[in-house]
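Undergrad: Provided below are the primary sequence and the corresponding predicted coordinates.
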Amino acid sequence: MTSEDTVTTAADTPADAVAHAADTPRMILSVGSAAFLVYFCMYAFRKPFTVGLFDEVDVWGFDYKIILILAQVLGYACSKFIGITVISAMLKRQRAFMILGLVAASELALLGFALVDAPYNIVFLFLNGLPLGMIWGVVFSYIEGRRTTELLAVILSSSFIMSSGITKSVGKYLMVNMQVSEYWMPFATGVLFILPMMFAVWWLEQTPVVSVEDQLLRHKREPMSGEDRRTLFFGIWPGMIALVVMYFILTAFRDYRDNFAADIWSEIGMAQNVRVFAETEIIIAVISLGLMASLFFVRNNILAVKLVLLLMIAGLVLLGAGTYFYQAQILKAPFVWMVLIGLGAYVAYIPMGSILFERIIASLRYRSNAGFLIYIADTAGYAGSILLLLYKELFFHEVSVMEFFIVFSYATSGVGIVSLLFCYRYFDLQLRASAGQDEAALMAQAATQTATV
């Protein structure tokens, strides 16, 4: 296998300008912006359909919109499961073609959704979600394993906070101002983002290779074999299972809030405010990503893992406390409540797709890449989203979206906090042991060198 076939490679030139090209502020901004734009555009093919109410169709007594969301999330979850192998074993030269091919397949599915009558078009939303779930892993492979990964990940992560609200606003605009039907609106929104997506992928392909110094500080990231995947998973399985439990319920909450945002705002009485989707998410993005960016200054990987877990716990505390204060009428503004619980959810959610596994790998130094752990967690997370929607529809069909949302806020906060407290204790012990082994190895190497002299 050549260096061009690996997901991340060291520069094979001694020129400092090449070896450290990705560390300059200008290059950080360029690479981060390219990654941001790719993932931002992806949301235009995934989320705008949720702005439609689809309240004129009934599917065997079930809510048609919930069935649509379930179909897409099921496709997305299947994509995450496939990605455990595909993303972890992906070669560098495949990445750009993979992104463009996945997006093209999802847009064709949206065309089918528009052309085929309801409810027979449900299958096309499954086909729409099926390719899109692997794009995050492809994009993140460009930026992992670098000293600047936190900064790049913050820029990238801001895309899925901001893009959902903004692309929904685009979809809403097409429906309200351009009289595009709710069935054609998802496809029309996607068309608007095809050229920006192509440009963004070209831009991302200009990312410099990873330097040797980055590999020493953050560990070299390589395509994984089946044996590599088994070794890593069983090496950290208790902590990984606890993280998966937390992410299972948190992703379900995050997706429920995202998919039913229009319904929640409608029950609050702000249904006609087109800007509210974007306004809340931009505020959440600025605050949550500012907190994530601060971890760039923590060079010690073990300390960084602990700080990330504590930050995630604080986010889930905010989620539960914010809902309590709103219910108790201590917090009277619904806009502020939606910002607070969104902030709490994303502070706990964002690290799972980037920073947490980036630092765990850098600390434990298995032959691996972050995509493998990210996609294990994502598979569980989207399974949680599917099960939540089924649970709500089967057992709480008569309960309003808002009532269920409030109850689920408390459940997410409680389960998540307990799981993360266990994780903190587990990884504290695991990382101490790993640090001790590294120190012993260095001492043995120094003793050997002294004896030789």
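TA: Arrived safely, thanks for sending. Numbers count the residues shown, from 1 in each chain.

Undergrad: What ranges in this structure fall below the confidence cut-off?
TA: Filtered on pLDDT under 70, the chain yields the residue ranges 1-23, 270-274, 435-453.

Undergrad: go again using 50 as the cut-off
TA: By pLDDT under 50, the low-scoring segments of the chain are 1-19, 439, 441-442, 445-446, 449, 453.

Undergrad: For it, just list every one of the strands.
TA: Assigned by DSSP state E, the chain shows strands spanning 58-59, 62-63.

Undergrad: how about CSV for those strands, with distance to I69 and mean neighbour count added?
TA: All C-beta spots, glycine's among them, are computed from the backbone N, C-alpha and C. As requested, the strands of the chain are exported to CSV (distance: least, Cβ to Cβ, whole Å; neighbours: other Cβ atoms under 10 Å):
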stretch, distance to I69, mean neighbour count
strand 58-59, 12, 13
strand 62-63, 9, 16
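
Undergrad: For L373, which of the ones you listed is the nearest?
TA: With Cβ to Cβ as the criterion, L373 lies closest to strand 62-63 of the strands of the chain, at 34.7 Å.

Undergrad: just how off-centre is that closest one within its chain?
TA: 28 Å (Cα atoms, centre = their mean, to the nearest Å).

Undergrad: Use 12 as the first number from now on
TA: Yes, from this point I'll number from 12; that puts the last item at strand 73-74.

Undergrad: Can you give the strand pairings for it, parallel or anti for each?
TA: strand 69-70 (antiparallel) (DSSP bridges).

Undergrad: can you redo the strands of the chain as a markdown table with distance to E292?
TA: As requested, the strands of the chain are arranged in a markdown table below (distance: least, Cβ to Cβ, whole Å):
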| stretch | distance to E292 |
| --- | --- |
| strand 69-70 | 30 |
| strand 73-74 | 25 |
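
Undergrad: right, and the ones you listed - which one's nearest Q340?
TA: Per Cβ to Cβ, nearest to Q340 of the strands of the chain: strand 73-74, 30.3 Å.

Undergrad: how about V256, what does it touch?
TA: 391, 426, 430 (Cβ atoms under 8 Å, 6 or more residues apart in numbering).

Undergrad: out of those, who's nearest G301?
TA: Proximity of the contacts of V256 to G301, judged by Cβ to Cβ, is greatest for S430, which lies at 25.2 Å.

Undergrad: so the closest one sits right up against L254, yeah?
TA: Yes - in this structure, S430 is within contact of L254 by Cβ atoms under 8 Å, at 7.1 Å.

Undergrad: Neighbour count for those two, which is higher?
TA: More neighbours surround L254 than the other of S430 and L254, with 28 against 23 (other Cβ atoms under 10 Å).

Undergrad: which ones are touching the more buried one?
TA: Contact partners of L254, counting by Cβ under 8 Å, 6+ apart, are 363, 367, 388, 430-431, 434.

Undergrad: So which of those residues belong to helices?
TA: The members of the contacts of L254 that map onto helices under DSSP state H are 367, 388, 430-431, 434.

Undergrad: and which of those residues is nearest K91?
TA: A388 (8.8 Å).

Undergrad: The closest one: neighbour count?
TA: 22.

Undergrad: Y153 now?
TA: 25.

Undergrad: Return the backbone torsion pair for the closest residue to it other than its chain neighbours.
TA: Setting aside the residues directly before and after it, Y153 is nearest to T218 in space (Cβ to Cβ, 6 or more residues apart in numbering), at 4.9 Å. Torsion angles at T218 (phi, psi; degrees, to the nearest 10) stand at phi -60, psi 130.

Undergrad: contacting residues for T218?
TA: Contact partners of T218, counting by Cβ under 8 Å, 6+ apart, are 33, 42, 45, 153-154.

Undergrad: how close does it sit to L431?
TA: 32 Å (Cβ to Cβ, to the nearest Å).

Undergrad: again with A394
TA: Distance from A394 to L431, by Cβ to Cβ: 19 Å.

Undergrad: who's more crowded, the two?
TA: Between A394 and L431, counted using other Cβ under 10 Å, L431 has the larger neighbour count: 24 against 19.

Undergrad: Surely that one and Y258 touch.
TA: No - the pair L431 / Y258 is not scored as a contact, 10.2 Å apart, by Cβ under 8 Å.

Undergrad: Nearest residue to the residue nearest the centre of the chain in space, please, no chain neighbours.
TA: For the chain, the residue nearest the mean C-alpha position is G364 (4.6 Å; Cα atoms, centre = their mean). Closest residue in space to G364, ignoring its immediate chain neighbours: I385 at 5.8 Å, by Cβ to Cβ, 6+ apart.

Undergrad: For G382, which residues are in contact?
TA: Neighbours of G382 in contact, by Cβ under 8 Å, 6+ apart: 94, 98-99, 101, 148, 151-152, 155.
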